[in-house]
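Novice: Pasting the sequence and the predicted coordinates here, then a few questions.
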Amino acid sequence: MRLGLAAIDALCARLGRPERRVPSVLIAGTNGKGSTAAILAAIAEAAGLRAGLYTSPHLVSVNERIRLGARDVSCEELESSLALVFAAADRSPEISTTYFEAITAAAFECFAHGRMELAVLEVGMGGRHDATNVAPASLSLVTSIAFDHMADLGNTLESIAREKAGVFRRGRPALVWAEAPEAFGALEEAARSAGAILHAVDREVRISGMSAGLEGTRFRLETPARAYDLAVPLPGAHQARNTALAVRAAEILAESDPRLDADAISTGVSTVRWPGRLERFRVGRATVLLDGCHNAEGAEALARFLSDAGLRADLVFGAMADKEIEEIGRVLLPSVERVCLAAPAIARAADPEEVRRRLGDGAARAVLARSVEDALAKFLSDPGTELIIVAGSLYLVGEARALLLSGRFERTGEQNP
């Protein structure tokens, strides 16, 4: 990882500035930015726009990071774009390029080559120094401000907010949802300094009549433009907030593209696809939910969903060693029954023994597993198991998703949908 725009800017210059050939939206935030990006891209697609979506990280295949309309980029398209990126980087003087910078530049190439009409870009980390921030965004969003990546972004909500506000642009709309006064104050000051047009979406909209279950979330949304009765197939009350941000972004973009009308908004919201965020699989008599709640705010959203839906579940949990495992456990463990700890197959992952120690008394009876496959097998072998949640690291979720999609557990007579 490398923070800063010097390398990506030089690389894009050599490529002929693909990031400037497609109008873009930048979406930053601690949590919810991927869901918000996916919803906005789905709305654009429903409106008939050729919309590209760039997100990170991927769960199973790197192709997931770049969507062209409703489909993931093909291997051939990705290889072609990366070949251009590597050729540009290798010219003298050579540009040392990180993995994320290379994939980001390739996404710009894919969107420009595919003649996309809108590129929805999820910021990787922070905002100010993130490689996506080289794009001249027509509109910017900050979905939430919470504690994460403090070593790079600072250890106060104000400092984190200032980093994420680096995606604001002079004279362009900046949409934010920040309930903490210190976070909103920093975003407001940053918008003023940048000359951006601030929209405090949490103060502009009203959400009511919410119901959330395994099948998704229904609610009424009233905005300054109109009222909607919406159904998003993403479970959890927090998805109403993410949807509201995407809807307001679409309404503002509609000022220059009337195709983004009320019908497109309702259709796009109802058809969004965003794997790994309370994504549901059926395995025999059991339901398996995958949720990448990798920080305390994400854990609170998951715990609130379980409470609102009246669900109790067994938990497969794993996390990166640099995450606030103690705080995640404090929030999440009271909401679940049995716990099985497993580490994703990545060097940064915390060992299950370390995770149990850091979770404290709440995980004293937790079972340790050799892998996420082993953990799922332990729970699925019990005929009384009804609901399993795989949560924590998105890397853990990705491994579980690959297993479930492969039909690995069908050999015991269990079937995925």
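Specialist: Great, that's in hand.
Novice: which phi and psi does the most far-flung residue of the chain relative to its centre have?
Specialist: Centroid-distance maximum for the chain: Ser92 at 36.3 Å, with CA atoms, centre = their mean. Dihedral angles phi and psi of Ser92 (degrees, to the nearest 10) take the values phi -80, psi 130.
Novice: how close does it get to Ala102?
Specialist: 18 Å (CB to CB, to the nearest Å). Using the backbone N, CA and C atoms, a C-beta is placed for each residue, glycine as well.
Novice: cool, Arg357 as well?
Specialist: 37 Å.
Novice: which one of those two has more residues nearby?
Specialist: Ranked by neighbour count (other CB atoms under 10 Å), Arg357 and Ala102 place Ala102 first, with 19 against 13.
Novice: mind checking pLDDT for the more buried one?
Specialist: We have a pLDDT of 97 for Ala102.
Novice: wait, doesn't it sit right on Ala83?
Specialist: No. Using CB atoms under 8 Å, Ala102 makes no contact with Ala83, being 10.9 Å away.
Novice: Wait, Gly329 touches Gly362, no?
Specialist: Yes. Using CB under 8 Å, Gly329 makes contact with Gly362 at a distance of 5.7 Å.
Novice: Give me the more crowded residue out of those two.
Specialist: Taking neighbours as other CB under 10 Å, Gly329 and Gly362 compare with Gly329 leading, 26 against 16.
Novice: give the contact list for the more buried one.
Specialist: By CB atoms under 8 Å, 6 or more residues apart in numbering, the contact list for Gly329 reads 358-360, 362-363.
Novice: where's the dip in pLDDT among those residues?
Specialist: Across those, the smallest pLDDT goes to Gly362, namely 84.
Novice: does the residue nearest to that one when sequence neighbours are not counted sit in a helix, a strand or a coil?
Specialist: Distance criterion CB to CB, 6 or more residues apart in numbering; nearest residue to Gly362, sequence neighbours excluded, is Leu333 at 4.0 Å. Recorded secondary structure, Leu333: helix (DSSP: H, G, I helix; E, B strand; the rest coil).
Novice: Start the count at 450 instead of 1 going forward.
Specialist: Let's use 450 as the start, then, which means that last one is Leu782.
Novice: ok, now which ones touch Leu782?
Specialist: For Leu782, the contact set (CB under 8 Å, 6+ apart) comprises 764, 788, 808, 811-812.
Novice: and the gap between it and Leu755?
Specialist: Distance from Leu782 to Leu755, by CB to CB: 12 Å.
Novice: now Ile777
Specialist: 14 Å.
Novice: who's more crowded, those two?
Specialist: Taking neighbours as other CB under 10 Å, Ile777 and Leu755 compare with Ile777 leading, 27 against 21.
Novice: which stretches of the stretch 500-649 of the chain have low pLDDT?
Specialist: By pLDDT under 70, the low-scoring segments of the stretch 500-649 of the chain are 597-601, 603.
Novice: all helices for it, in order.
Specialist: Remark: helices assigned in the stretch 500-649 of the chain by DSSP state H, counting those that start in this stretch are 524-539, 548-562, 599-602, 606-613, 630-643.
Novice: same thing with the stretch 650-799 of the chain?
Specialist: Under DSSP H, counting those that start in this stretch, the stretch 650-799 of the chain gives helices at 650-653, 687-702, 711-720, 745-758, 774-781.
Novice: so how far is the first one off the chain centroid?
Specialist: For helix 650-653, the distance from its own C-alpha centre to the chain's C-alpha centre is 21 Å (CA atoms, centre = their mean, to the nearest Å).
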